[in-house]
Every structure is written in C-alpha cells, then in structure tokens.
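**Student:** sequence first, predicted coordinates after that:
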Amino acid sequence: MIPTHLVAYLTGVFPLSAEMQCFWMAVQGSMTVRNGPNRDGRMDWFHAFALSTVTAYAGASFTMLWMGRPTSMLSNDLNVAFCIIAFVLTNYTPFDVGYKILSTLPMVLVTTGFAQLFRGMGVIKFSDLAQEAFEDNPSPYYPTPIFGPILLPCLLGNMGGLFL
C-alpha cells in the first residue's frame with residue numbers, strides 16, 4: 001500500500017504545495033546560474049538575477065504568452081518574490097552560507113524533488129490547456145489533437161535550459 005503522504009506529494013495536494021514548488025523552482029534556477037555562468041561571481045547582479053528567473057520559469061512564462069493568455073510571472077506576486085529570495089540566498093548571504101547550505105546533498109534532493117514536482121504539475125496543467133485550445137480545430141487526419149497538447153507541455157518543461 002502506498003503511504004498517503006507520498007500520494008499527496010506526487011499529486012501536489014498538500015498544504016502550501018504551490019508555494020513550496022514555486023520557491024524550490026526559483027532556488028533551482030538560482031543555483032543553476034550560480035553553478036554555471038556566474039560561477040566566479042563576475043556577472044552583473046541584474047544579469048544574474050534575470051538569468052536565474054528565466055532559467056527557473058522560462059516555460060511557465062513563455063508558454064502562456066504563446067497561447068495568448070497572461071503569464072503567472074506578471075499576475076502572481078509569489079513567483080517574483082521567491083525569485084528575489086532565492087537569488088539573495090544563493091548569491092548574497094554572508095560568507096556564502098546560503099550557497100553552501102543549498103549545495104549540500106539533502107538540500108539538492110529537496111530542491112530537485114520540488115522543482116520536478118513543479119514541472120510535472122505544469123506539464124499536466126499545460127497539457128489540459130492545450131487540449132482545450134486545440135480541440136475545436138482537430139486535424140483532418142484524426143479527431144483528437146495529438147501534437148499540440150504533447151509538444152506544448154514538453155516545451156514548458158525544458159525551456160529554461162535553452163537560455164543558458
């Protein structure tokens with residue numbers, strides 16, 4: 001039998017689920033930039049912050065714009081706030097303590113777990129949105145749109161890496 005807490009985690013149905021996913025996704029974006037292009041800390045702070053934000057939320061930002069809907073980066077205050085907090089933790093804490101703690105294996109596991117949950121829930125959400133958007137214009141070859149509801153969420157989950 002699968003424990004209830006595991007089911008709640010895998011389905012994203014637990015208290016503060018959206019907030020946890022958004023925060024750890026922002027942390028993963030900041031850590032990716034800090035471990036990669038900004039490894040030596042020479043990047044201008046705004047460039048590093050913008051790259052961290054785009055790395056974390058590129059798919060969630062651009063996919064909605066492509067569908068003609070407002071992006072959550074503009075309508076949700078938590079995303080930007082979490083990007084700022086994660087950026088400060090990874091780049092500007094005294095003695096680099098935030099970066100050192102977030103680089104430990106337990107924190108990497110937590111970050112990866114919640115960031116992947118964010119991506120998984122996003123793929124489900126955008127697959128449903130794409131199905132709704134494309135169901136009125138099916139292909140002449142088959143009655144249900146196939147490629148749009150599959151390709152659009154795949155772009156969502158993998159777009160952040162395109163900007164690095």
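**Tutor:** Yes, it's here.
**Student:** and the helices in the chain?
**Tutor:** Secondary structure of the chain, counting by DSSP state H: helices at 4-11, 17-35, 45-66, 72-75, 77-91, 97-102, 105-134, 147-158.
**Student:** can you give the contact residues for stretch 5-20?
**Tutor:** Gln21, Leu78, Phe82, Phe114, Leu117, Gly120, Met121 (Cβ atoms under 8 Å, 6 or more residues apart in numbering). Every C-beta, even on glycine, is put in place using the N, C-alpha and C of the backbone.
**Student:** mind listing what Phe87 touches?
**Tutor:** Phe87 neighbours (Cβ under 8 Å, 6+ apart): Ala26, Ser30, Ala48, Phe49, Ser52, Thr53.
**Student:** and the residues you listed as JSON lines, adding distance to Arg39, pLDDT and neighbour count?
**Tutor:** Formatted as JSON lines, the contacts of Phe87 follow (distance: Cβ to Cβ, whole Å; pLDDT from 0 to 100; neighbours: other Cβ atoms under 10 Å):
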{"residue": "Ala26", "distance to Arg39": "19", "pLDDT": "95", "neighbour count": "30"}
{"residue": "Ser30", "distance to Arg39": "13", "pLDDT": "96", "neighbour count": "32"}
{"residue": "Ala48", "distance to Arg39": "11", "pLDDT": "96", "neighbour count": "20"}
{"residue": "Phe49", "distance to Arg39": "16", "pLDDT": "96", "neighbour count": "20"}
{"residue": "Ser52", "distance to Arg39": "13", "pLDDT": "94", "neighbour count": "28"}
{"residue": "Thr53", "distance to Arg39": "18", "pLDDT": "92", "neighbour count": "25"}
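**Student:** may I ask which two of those are separated the most?
**Tutor:** For the contacts of Phe87, the farthest-apart pair by Cβ to Cβ is Ala26 and Ala48; their separation is 13.3 Å.
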